[in-house]
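Sequence plus the predicted model coming up.
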Amino acid sequence: MAGGQLALSAYRGKVILLDFWATWCDPCRDQTPGFVDLQTKFGDRGFQVIGVSMDDGPEPVRDFYQRFKMNYPVVMGNAKIANFTEEFSAYRLPSW
């Protein structure tokens with residue numbers, strides 16, 4: 001949520017859990033503490049959670065990130081990513 005870009009190539013050699021979610025999605029809110037726990041438990045063993053928020057803007061995502069003490073990178077999705085997820089039947093949130 002720092003405003004930069006994230007390159008998946010920076011995580012080469014790691015197991016990545018790519019989570020498409022949104023702050024307004026109840027199941028997404030329910031699963032977030034579990035992803036925080038997974039990152040804490042397995043992050044030092046080559047596991048990385050990366051969140052892709054499909055919210056319309058970053059403001060609610062920043063609040064959500066702090067409230068849930070998220071310990072993994074979160075990037076903002078866009079229309080191009082939304083189209084990509086539909087091709088792989090990941091058009092419902094949450095999707096991982």
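Yes, it's here.

tell me which element Glu59 is part of?
Glu59 is part of helix 58-67 when elements are defined by DSSP states H and E.

any idea of the pLDDT on the residue nearest to Asn71 when sequence neighbours are not counted?
Leaving aside its chain neighbours, Asn71 sits nearest to Gln39 (5.1 Å; criterion: Cβ to Cβ, 6 or more residues apart in numbering). To be clear about C-beta, it is placed using only N, CA and C from the backbone, and glycine gets the same treatment. Per-residue pLDDT puts Gln39 at 98.

Is there a neighbour count for Asp44? I'd like the number.
Asp44: 8 surrounding residues under other Cβ atoms under 10 Å.

okay, it: pLDDT?
Predicted confidence (pLDDT) for Asp44: 97.

I believe it is in a helix; please confirm or correct that.
Yes. Membership of Asp44 in a helix is supported by DSSP: H, G, I helix; E, B strand; the rest coil.

Gly51 versus that one, what's the distance?
19 Å (Cβ to Cβ, to the nearest Å).

same check, this time on Val15
Plainly put, Val15 is 15 Å away from Gly51 if you go by Cβ to Cβ.

And those two? Which one has more around it.
For the pair Val15 and Gly51, the greater number of neighbours falls to Gly51 (25 against 11), based on other Cβ under 10 Å.

Show the backbone phi and psi for the more buried one.
Backbone torsions for Gly51, taken as degrees, to the nearest 10, come to phi -90, psi 140.

Give me the pLDDT for it.
Gly51 is given a pLDDT of 95.

Could you double-check that it sits in contact with Pro73?
Yes. Contact criterion Cβ atoms under 8 Å: Gly51 and Pro73 qualify, at 7.1 Å.

model confidence over stretch 56-74, on average?
Stretch 56-74 comes out at a mean pLDDT of 96.
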